[in-house]
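Q: give me coordinates for this.
(one chain, ligands or ions: 2)
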Amino acid sequence: MEAATKRALITGVTGQDGAYLAEFLLDRGYEVHGIKRRASSFNTKRIDHLYRDPHDAGVRFFLHHGDVTDSSSMIRIMQLVQPDEVYNLAAQSHVAVSFEQPEYTADTNALGTLRLLEAIRILGLRQRTRFYQASTSEMYGLVQETPQRESTPFHPRSPYAVAKLYAYWITVNYRVAHGIHASNGILFNHESPVRGENFVTRKITRGLARIKLGLQSCLYLGNLDAKRDWGHARDYVVAQWLMLQQDQPDDYVIASGHQYSVREFVNAVAREMDIRLTWRGNGLDEQGIDDDGRVIVAVDPRYFRPAEVDTLLGDASKAKSKLGWSPTVGFNELVREMAQTDLLAAQRDELITRHGYRADDFNE
Ligand code: NDP
Ligand code: GDR
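A: Numbering: from 1, shown residues only. Ligands and ions are numbered 1, 2, ... in the order given. As a prediction, the model looks like this:
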């Protein structure tokens, strides 16, 4: 089948990866269908630039209301769309929140995956529909080997990771038991200017930008010693697509192969924003001080997790050799893009506030 006629279905299309993936697939000539949840306020900010009036000729991007906790909506949409490729990106994706909502997290992240695979099976789509599962480095948890590769044993440390481990194995099981072309991407952390504002990288770029513009006085963080392997979401969605273009389904680690601590991320952003920062104290008392002696970064134990994943570092050699994938955006470039975008947003908010308006009134 020609790429131009391919039809993709993306769950989680309103999220960070969903937005980058939808754009990538549309650029490749796909017809793209996304599933969005009903919400009391607009939740399509990341994909509004892709949306066209359905009355226009040649529209290739469609949205459907649905929820992966609701089997009937999954079956209905799958039947309507008859996709060639399904990308299951929908998840309660915040690790800390999963300790507060473990049951909902399991329903969405674990059973949601099962519901989609069952829809493919029940509707007789298994010869036609290829399936991508958004698996995660969080499954390694308490790491057994460094760097982590496809063969590294899993040891999940949160309800989020336990649910994702179920999703990983049910994807493998439907591949083996039912012959579905189903693949897991074991993706390490990937970020971007549209990363959710409560993940640590975006919280830092947004927080320091607002501090620089006088809109906020201090950025409160949790464990500064946690180490992560951070890449750019734009690169990582390409790997998701490549997995579904292979003759055989398989599982792949996707990572940058470089590791930095949260503290190093703060330092890199401060450098990029021309903020001079010195650290004093340690543990609960650690503080980042600016040139005027003000505390602009401080530890708040509220952000500590009941069980932490201290260190993650991936080895993506298999993806490199079999998919021909490697990342194009390095750590400094990622930091720069995120920092510059949040500085612009903070400048805009400062201007609005200075003229006596509320920034929220101007947010689309
Ligand atoms: P986001 O949190 O930005 O997006 C999650 C998406 O899932 C949103 O569109 C959200 O909708 C949707 N969603 C949540 N719950 C449901 C539900 N019950 N039914 C339907 N849709 C739902 O995550 P990312 O884009 O960063 O990540 C994409 C996927 O990849 C997730 O599964 C995540 O766990 C996984 N992952 C992410 C990594 C990363 O570093 N970003 C690394 C490894 C894996 P809404 O907008 O309405 O909230
Ligand atoms: P993570 O990302 O848990 O790795 O999951 P997050 O950015 O939330 O945390 C990374 C590390 O930073 C530490 N941290 C803080 N985290 C947040 N959110 N807020 C803070 O204030 C803070 N201070 C320190 C955390 O403890 C942690 O060690 C992300 C998600 O995208 C998952 O969906 C995905 O599966 C994994 O990445 C790979």
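Q: other SSEs contacting whichever helix or strand Ser72 is part of?
A: In this structure, Ser72 sits in helix 71-81 according to DSSP states H and E. Secondary-structure packing of helix 71-81 (3 or more CB pairs under 8 Å, 6 or more residues apart in numbering; DSSP states H and E): strand 7-11, strand 31-36, strand 61-65, helix 112-122. Where you see a C-beta, it was placed from the backbone N, CA and C, and this is true even at glycine.
Q: now those in a markdown table, with distance to Val176?
A: Compiled in a markdown table, the helices and strands packed on helix 71-81 are given as follows (distance: least, CB to CB, whole Å):
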| stretch | distance to Val176 |
| --- | --- |
| strand 7-11 | 23 |
| strand 31-36 | 26 |
| strand 61-65 | 30 |
| helix 112-122 | 12 |
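Q: which one of the ones you listed is the most hemmed in?
A: The highest mean neighbour count among these, using mean count of other CB atoms under 10 Å, belongs to strand 7-11: a mean of 26.
Q: okay, now the sheet partners of that strand, with direction.
A: Under the criterion DSSP bridges, strand 7-11 sits next to strand 31-36 (parallel), strand 85-88 (parallel) in its sheet.
Q: convert the C-alpha atoms of the helix holding Ser72 to CSV, please.
A: C-alpha atoms of helix 71-81 as CSV (Å, rounded to 0.1, in the frame of the first residue of the first chain):
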residue,chain,number,x,y,z
SER,A,71,-14.2,-0.5,25.6
SER,A,72,-17.3,0.4,23.5
SER,A,73,-15.8,3.7,22.4
MET,A,74,-12.6,1.9,21.4
ILE,A,75,-14.4,-0.7,19.4
ARG,A,76,-16.6,1.9,17.7
ILE,A,77,-13.7,4.1,16.7
MET,A,78,-11.5,1.1,15.6
GLN,A,79,-14.4,-0.2,13.4
LEU,A,80,-15.1,3.2,11.9
VAL,A,81,-11.4,4.0,11.1
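Q: briefly note if it comes near ligand 1.
A: No: Helix 71-81 lies out of reach of ligand 1 by CB under 6 Å from any ligand atom, never closer than 8.9 Å.
Q: about what we covered before: would JSON lines of the strands paired with strand 7-11 with distance to Trp230 and mean pLDDT be doable?
A: Formatted as JSON lines, the strands paired with strand 7-11 follow (distance: least, CB to CB, whole Å; pLDDT from 0 to 100):
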{"stretch": "strand 31-36", "distance to Trp230": "26", "mean pLDDT": "98"}
{"stretch": "strand 85-88", "distance to Trp230": "22", "mean pLDDT": "99"}
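Q: ok, which of these comes nearest ligand 2?
A: Taking CB to the nearest ligand atom, strand 85-88 is the member of the strands paired with strand 7-11 nearest to ligand 2, at 13.2 Å.
Q: number of residues surrounding the residue in the chain that ligand 1 sits nearest to?
A: Closest residue of the chain to ligand 1, CB to the nearest ligand atom: Gly15 (2.0 Å). Neighbourhood size, Gly15 [other CB atoms under 10 Å]: 24.
Q: quick check: residues of the protein near ligand 2?
A: Close to ligand 2, as judged by CB under 6 Å from any ligand atom, the chain has residues 93, 95-96, 136-138, 188-189, 198-200, 203, 221-223, 226, 228, 262, 303, 305, 308-309.
Q: what secondary structure does the residue nearest to Val59 when sequence neighbours are not counted sit in?
A: Excluding the flanking residues, the one nearest Val59 by CB to CB, 6 or more residues apart in numbering is Arg52, at 4.9 Å. Following DSSP: H, G, I helix; E, B strand; the rest coil, Arg52 is assigned to coil.
Q: quick one: which of the residues of the chain next to ligand 2 sit in helices?
A: Here DSSP state H is the test, and the residues of the chain next to ligand 2 give Val95, Ala96, Val200, Lys203, Val262 as lying in helices.
Q: I'd say Val329 and Trp230 touch.
A: No: counting by CB atoms under 8 Å, Val329 stays clear of Trp230, with 10.0 Å between them.
Q: and Met1, what pLDDT?
A: Listed pLDDT for Met1 reads 42.
Q: wait, Phe188
A: At Phe188, the pLDDT value in this model is 99.
Q: the residue nearest to it when sequence neighbours are not counted: neighbouring residues, count only.
A: Nearest residue to Phe188 in three dimensions, chain neighbours excluded: Ala255, at 3.9 Å (CB to CB, 6+ apart). Other residues lying near Ala255 total 29 when counted by other CB under 10 Å.
Q: thinking again about what came up before, filter the residues of the chain next to ligand 2 by proximity to ligand 1?
A: Answer for those near ligand 1 (CB under 6 Å from any ligand atom): Ser93, Thr136, Asn189.
Q: tell me the one of those nearest Ser72?
A: Nearest to Ser72, judged by CB to CB, of these is Ser93 at 23.8 Å.
Q: for the closest one, grab phi and psi.
A: Backbone torsions of Ser93, given as degrees, to the nearest 10, read phi -100, psi 0.
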